[in-house]
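Asker: my questions are about this predicted structure, shown below with the sequence.
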Amino acid sequence: AEICAAMAGELGRPVSVKCRIGLDNEETYESFCEFLETVSAKGGVEHFIVHARTAVLGGLSPKQNRTIPPLKYHYVYQAKRDFPHLGITLNGGVHTLEDVRQHLAEGVDGVMVGRAVMDRPWEALRDVDSQLYSDSSRGGLTRREILNFYAQYAEKERLDFDQSVHVLAKPILNLFTSVPRQKLYKRTLVESLVDGSTFPVAVSAALKNLDPSAVDLPALPLCPNPA
């Protein structure tokens, strides 16, 4: 709580906390609530992103901690009911838009999707605007169009903020998962950026390795838009 209060005071803006529901053997709902109450009251934190697993520091690797401790979504749902004044975002084990929709229906303020977006961005996000926000205005974009938009953004970030090209390239590395020659696409993209190419030039070079039918096929809905 003291760290959060100091950060907020120094930055002059709200600080959010990403946490687990417990640590090692301290995984009761009561101890989780005590944590939320203390950090919000003394640290001034109003938004918590909660991975619905316990963090096991002894005996499990970081990778194992992402899958072995059981998910307890009901802790997060109940926390939102018990702390309605706090923003509660659920995280952990979320793979599809249907997963997101089910969690939102339980009353949480948001859902964080991490690894699924990094591993399968096209499959995870191509339908998100229409399915979750009832916004079809940007539907039907091809992967080439998305990459062209992103290349302009990434290049501005690189120039304005000296961002690492590796960090900026990571969100688009797996855009063609399961597409033939996708490994060559990734290798060309990274090598071009390391050699000093701009993002638009690197993306253009990388796309030449792929069949145009995969690059220029518009996104099709994965499931009907709910009424």
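Answerer: Yes, it's here.
Asker: stretch 112-130: how far from the chain's middle?
Answerer: In terms of C-alpha atoms, centre = their mean, to the nearest Å, the centre of stretch 112-130 is found 8 Å from the chain centre.
Asker: find the nearest non-adjacent residue to the residue sitting nearest the centre point of the chain, please.
Answerer: Centroid-nearest residue in the chain: Gly114, 3.6 Å away (criterion: C-alpha atoms, centre = their mean). Distances taken as C-beta to C-beta, 6 or more residues apart in numbering place Asn91 nearest to Gly114, at 6.8 Å, with adjacent residues excluded. C-beta: built from backbone N, CA, C; applies to glycine.
Asker: just Leu207 next, same as before
Answerer: Val215 (5.5 Å).
Asker: my read: Arg53 touches Glu27, true?
Answerer: No: using C-beta atoms under 8 Å, Arg53 is not in contact with Glu27; the gap is 9.0 Å.
Asker: please identify every residue contacting each of those two.
Answerer: Ile21, Lys72 (C-beta atoms under 8 Å, 6 or more residues apart in numbering).
Asker: look up how far Val111 lies from Tyr77.
Answerer: 12 Å (C-beta to C-beta, to the nearest Å).
Asker: which one's more surrounded, the two?
Answerer: Legend: neighbour count by other C-beta atoms under 10 Å for Tyr77 and Val111, higher for Val111 (21 against 18).
Asker: confirm the more buried one sits in a strand?
Answerer: Yes: Val111 forms part of a strand when assessed by DSSP: H, G, I helix; E, B strand; the rest coil.
Asker: who's it bridged to?
Answerer: Assessed by DSSP bridges, Val111 has beta-bridge partners Leu90.
Asker: which residues are in contact with stretch 46-65?
Answerer: Under C-beta under 8 Å, 6+ apart, the answer for stretch 46-65 is 14, 16-24, 26-27, 36, 39-40, 66, 68-73, 75-76, 79, 85-93, 109, 112.
Asker: how about a cut-off of 6 Å?
Answerer: Applying C-beta atoms under 6 Å, 6 or more residues apart in numbering, the contact partners of stretch 46-65 are 16-24, 27, 68-69, 71-73, 76, 86-89, 91-92, 112.
Asker: residues contacting the closest residue to Gly93 other than its chain neighbours?
Answerer: Spatial nearest neighbour of Gly93, excluding adjacent residues (C-beta to C-beta, 6+ apart): Leu71 at 5.0 Å. When contacts are counted by C-beta under 6 Å, 6+ apart, Leu71 touches Ala52, Arg53, Gly92, Gly93.
Asker: in a markdown table: those, plus neighbour count and secondary structure.
Answerer: Formatted as a markdown table, the contacts of Leu71 follow (neighbours: other C-beta atoms under 10 Å; DSSP: H, G, I helix; E, B strand; the rest coil):
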| residue | neighbour count | secondary structure |
| --- | --- | --- |
| Ala52 | 22 | strand |
| Arg53 | 23 | strand |
| Gly92 | 22 | coil |
| Gly93 | 17 | coil |
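Asker: adding distance to Pro200 and pLDDT, write those residues out as CSV.
Answerer: Formatted as CSV, the contacts of Leu71 follow (distance: C-beta to C-beta, whole Å; pLDDT from 0 to 100):
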residue, distance to Pro200, pLDDT
Ala52, 40, 98
Arg53, 40, 97
Gly92, 36, 97
Gly93, 36, 96
